[in-house]
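[1] following is a predicted model, sequence given first.
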Amino acid sequence: MAKKCRQNAALIALTTSALALPGINVKAEGAPDYTSVKYRYTSYAEDKAPEKYTVEGDLERYEIQANQIQLIQPIGERAAITLDYLSETMSGASPWGVKQGADNQPELIMSGASIEENRQDIGARLKIYDQESSISFMGGYSRENDYKATYGGLDNELHFNQKNTTVKLGLRFSLDTINPTQQEGQSRVSEEEKNSASYNLGVTQVLSQTAIIQAGLEYVQLSGYLTDPYKLQDSRPDVRKQTVVSFGYRQFIKPTDSALHLDYRSYTDDWEVSSHTVNIAWYQNFGDRHVIAPSIRLYNQQKAKFYGVYYDENSATEYFSSDYRLSSYQAMSYKLKYIKYFDTWSFTVAGERYESAGSQAGGSLDEIENPGLVSFTRWTVGFDIKI
Amino acid sequence: MKISRKPIISVLSFKAMGSPCKLHLYLTQKQAKTVPQAALSCIRALEKKYSRYQSDSITTTINRGAGSGQGLRVDSETAALLDYAGEAFEQSDGLFDITSGVLRRIWDFKSGVLPPQEKITQTLDMIGWQKVRWRKPYIELPKGMELDFGGYVKEYAADTLASFCIEKGVRHGLVDLGGDIRVIGPHLNGKPWKIGIRNPDDPEKAVAHIDSTGGGVATSGSYERCMIVDGRRYGHVLNPLTGWPVRGLASVTVQADQCLIAGTLSTITMLKGRPEGSVWLQGMGVPNLIIEENDPGSEA
């Protein structure tokens, strides 16, 4: 047995040595030399608002149908252009606020059933590849009836250490305008602006032929009108500074022809919202034509400092929100994806179920579960073609 | 819009590194215009870089500097190949030795005559990786010594060509450099490639087939060149520690992730002989096929 171990050590030693060779360990991210087209249709449906807590408005919450197309076209040998187009249709009611009912029971006020709204987003990216690096420029425009955004950015990728190490630097900005739909009986702002800038740094390290580790750091600064104009008594600071730290690990498991993806994300901001996300995915290959990938995501969030489940006129503060997205809660989602590969194209179908609930830590006022917390089901189908 | 442009098999035959070679690649029309030619230049470049017959190759440059007392700075690919040779030397207890090429000067398998033991002993003085000064990236050979990448550069070239094709978007194909094979991916219909293993007694015939959908396959054998002297067979695989042809195994085929690893394992097994080599290879846990020599006289 000892001898066998020593001999396997010989194989490992030789393989390690071989992987230092440029012809064997090729991970050059070269410019694509074919055109590719990607299409996805997504159907997203939120569960109905809880009947027993809803005192006003419509129970049917958001439904979104989205069509997404992406085209990647090589330009010469060292560059590629990516065009993205998204069109989505949204309908349904959303929570406007929560008020205090009898026995401290929260009462949910929903909006009325909305008409169908449409959002369109068009984006482009030019990526230029060099031997040991690549640079990308991107920009885009998104429009819906009450919101417009113009965005852009820059990414720089650098490869070191025979491409075993990749460092990625990115900059993003977005200039947004909000024109809330006015409604009788509600006093809403007419036009406001909101800007964001983000800086990110990512490092990917190949650990072995079968393992990769990733780490990322991102800082985002949002400024301008950050209040939700549709929510009642909503008033938020006009600056929000967000920090995200993330880690990822990818392990290919040869005997079973599968891959394990582990991801962790930590989020904090100066509104005192903090969260942890863990995502575990298993990609199982069946031959080289089928992949089945189940995954699970766990999410835990701590509320913003000015969040309250309902507005208290007696202790009104400068900032307040009863937005469920700023409350303390936990969420779990399960997803199953299937990909079938053909010679020049592949087909993808995925289903996801997401459920969230308040953090039931105690009985104090701020720990009352926000009745607006959402659960949803999402389906995606699509295909990828190489031409 | 025409959606499907199904890749079509294309076979390119050529001679490189002293062997008949074949690239079997499933290529789209677009790839077919560029990939085979580019792959050919890729192997020609490696051949030129490591050939011991070309006066401007890195091998010749290193060998020419033997005994000069000056270290020669090598590029990163050569450095990685030298590191690999050092590792293989270590793992084989000195049997895999890229300085053993000088034995070829005294063993002439066409002559039918054995070299005198005295000459073999003299030549052994010029062999031994441990005598080479390798301080990455500087290499310096003692006087009279020579390096020869021929023992593993063809396997490395098979891996390099496969990587090159994968980078160009090829997903289905096989690289065969004189029997050193690297499979890029299965046939377009997902079926594995059938790789024939030569019968050492009748090299035109296959004794067995190995199925492969990816990775390397390499064979070492003593059947390619040999001579019979006084009724005994002497194969061309020479033990760098004794200077004599190795005995016991007619051919060793190994399947591994890379052709380079497969080739190194099969060479070491061949050099270790019977039964040690067979035992050593079984311990590696890689698929293999060992054909023993059937000549009982050779087992002295």
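    Done, it's in.
[2] which of the three states applies to the residue of the stretch 151-300 of chain B found nearest chain A?
    In the stretch 151-300 of chain B, the residue that lies nearest chain A is B:T160 (2.8 Å; CB to the nearest CB). For glycine as for every other residue, the C-beta is placed from the backbone atoms N, C-alpha and C. Following DSSP: H, G, I helix; E, B strand; the rest coil, the label given to B:T160 is helix.
[3] so what's the nearest residue to it once chain neighbours are set aside up against?
    Once flanking residues are discounted, B:T160 sits nearest to A:G23: 2.8 Å by CB to CB, 6 or more residues apart in numbering or on different chains. Residues in contact with A:G23, defined by CB atoms under 8 Å, 6 or more residues apart in numbering or on different chains, are B:46, B:77, B:156-157, B:159-160, B:163-164.
[4] ok so A:G23 is a helix residue?
    No - using three-state DSSP, the secondary structure at A:G23 is coil, not a helix.
[5] roughly how far apart are it and B:K15?
    A:G23 sits 20 Å away from B:K15, taking CB to CB, to the nearest Å as the criterion.
[6] likewise for A:R265?
    With distances taken as CB to CB, A:R265 is found 55 Å from B:K15.
[7] report whether stretch B:248-267 contacts chain A.
    Yes - judged by CB under 8 Å from any CB of the partner chain, stretch B:248-267 and chain A are in contact via B:257-258, B:260-261, B:264-265.
[8] just give the number of residues close to B:G277.
    By the criterion of other CB atoms under 10 Å in any protein chain shown, B:G277 has 23 neighbours.
[9] rewinding a little: how about TSV for the residues of stretch B:248-267 next to chain A, with secondary structure added?
    Formatted as TSV, those follow (three-state DSSP):
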residue	secondary structure
B:D257	coil
B:Q258	coil
B:L260	helix
B:I261	helix
B:T264	helix
B:L265	helix
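[10] buried subset of those residues?
    B:257-258, B:260-261, B:264-265 (16 or more other CB atoms under 10 Å in any protein chain shown).
[11] which pair of these spans the longest distance?
    B:D257 and B:T264 (12.1 Å; CB to CB).
[12] export the longest strand seen in chain A as CSV, just CAs?
    As assigned by DSSP state E, the longest strand anywhere in chain A is strand A:192-208. Only the C-alpha atoms of strand A:192-208 are listed here, as CSV (Å, rounded to 0.1, in the frame of the first residue of the first chain):
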residue,chain,number,x,y,z
GLU,A,192,-35.8,63.0,-9.9
GLU,A,193,-32.3,61.8,-10.6
LYS,A,194,-30.2,59.0,-9.3
ASN,A,195,-26.6,58.1,-10.2
SER,A,196,-24.4,55.3,-9.4
ALA,A,197,-20.7,54.5,-9.7
SER,A,198,-19.1,51.2,-9.0
TYR,A,199,-15.6,49.9,-8.8
ASN,A,200,-14.7,46.2,-8.7
LEU,A,201,-11.6,44.1,-8.4
GLY,A,202,-11.6,40.3,-9.0
VAL,A,203,-8.9,37.7,-8.8
THR,A,204,-9.2,34.2,-10.3
GLN,A,205,-6.6,31.6,-9.4
VAL,A,206,-6.3,28.2,-11.0
LEU,A,207,-5.3,25.9,-8.1
SER,A,208,-5.0,22.7,-10.2
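[13] that one - contacts with which helices or strands?
    strand A:165-178, strand A:211-224 (3 or more CB pairs under 8 Å, 6 or more residues apart in numbering or on different chains; DSSP states H and E).
[14] residue ranges with poor pLDDT in the chain?
    Unless you meant another one, I'm taking chain A. For chain A, the stretches with pLDDT under 70 are A:1-7, A:25-30, A:162, A:360-366.
[15] let's do chain B instead
    Within chain B, the segments meeting pLDDT under 70 span B:1-5, B:295-300.
[16] thinking again about what came up before, looking at A:R265 and B:K15, which is more packed in?
    Taking other CB under 10 Å, A:R265 and B:K15 do not tie; A:R265 has more neighbours (18 against 9).
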